[in-house]
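Engineer: Dropping a prediction and its sequence here:
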Amino acid sequence: MDYIRRDLLTGGGLKSTLITTGLRGMTSNPAIFEKAITGSNLYNDVLNSPDAKNLDANGIFEKIAIRDVQDACDIFKPVYADSKNRDGYVSLEVSTVSLGFDTKASLSEARRLWKAVDRPNVMIKIPRHT
């Protein structure tokens, strides 16, 4: 599934889709989150939180993305377990805006995000530059 949005995670839509379609994983990226955040008020709890006042745009994005990816990973956990860790992954993408072509920094950022999400079925993607 190439889509993520808060209400899909909290309203039972993702669980229902897993059951009815046999969905095996989910991907996210900054563009998907941008559409979800700007197209709804589902993230106002984070956007209007006291913490948000101390964060830059990337920090707010990361807070939202990590929470949603954690929740999606939790929903996909049975798929992950039943497939013996072959399926049931949810992806989160490393931002390359500030990292450019710095391989070492990109890997470090991927490890940091993996630890922040703290779910065995998260897949951290490093976009390919063309």
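Structural biologist: That came through, no problem.

Engineer: following the worst-scoring helix or strand of the chain on mean pLDDT, which helix or strand comes up?
Structural biologist: Every helix and strand in the chain was compared by mean pLDDT, DSSP states H and E; the lowest is helix 30-38, with a mean of 89. For helix 30-38, the following helix or strand on the C-terminal side (DSSP states H and E) is helix 44-47.

Engineer: Residues contacting that next one, please?
Structural biologist: Defining contact as Cβ atoms under 8 Å, 6 or more residues apart in numbering, one finds that helix 44-47 is touched by 37, 52, 60, 63-64, 67. Backbone N, C-alpha and C define where each C-beta goes, glycine included.

Engineer: try 6 Å
Structural biologist: If you take Cβ atoms under 6 Å, 6 or more residues apart in numbering as the criterion, helix 44-47 is touched by 63-64.

Engineer: Tell me the first helix or strand C-terminal of that helix.
Structural biologist: helix 57-82.

Engineer: any idea of the angle that next one forms with helix 30-38?
Structural biologist: 110 degrees (axes from the mean of the first three to the mean of the last three Cα atoms, to 10 degrees).

Engineer: After helix 57-82, heading C-terminal, what element do we hit next?
Structural biologist: Next helix or strand after helix 57-82 toward the C-terminus (DSSP H and E): strand 89-93.
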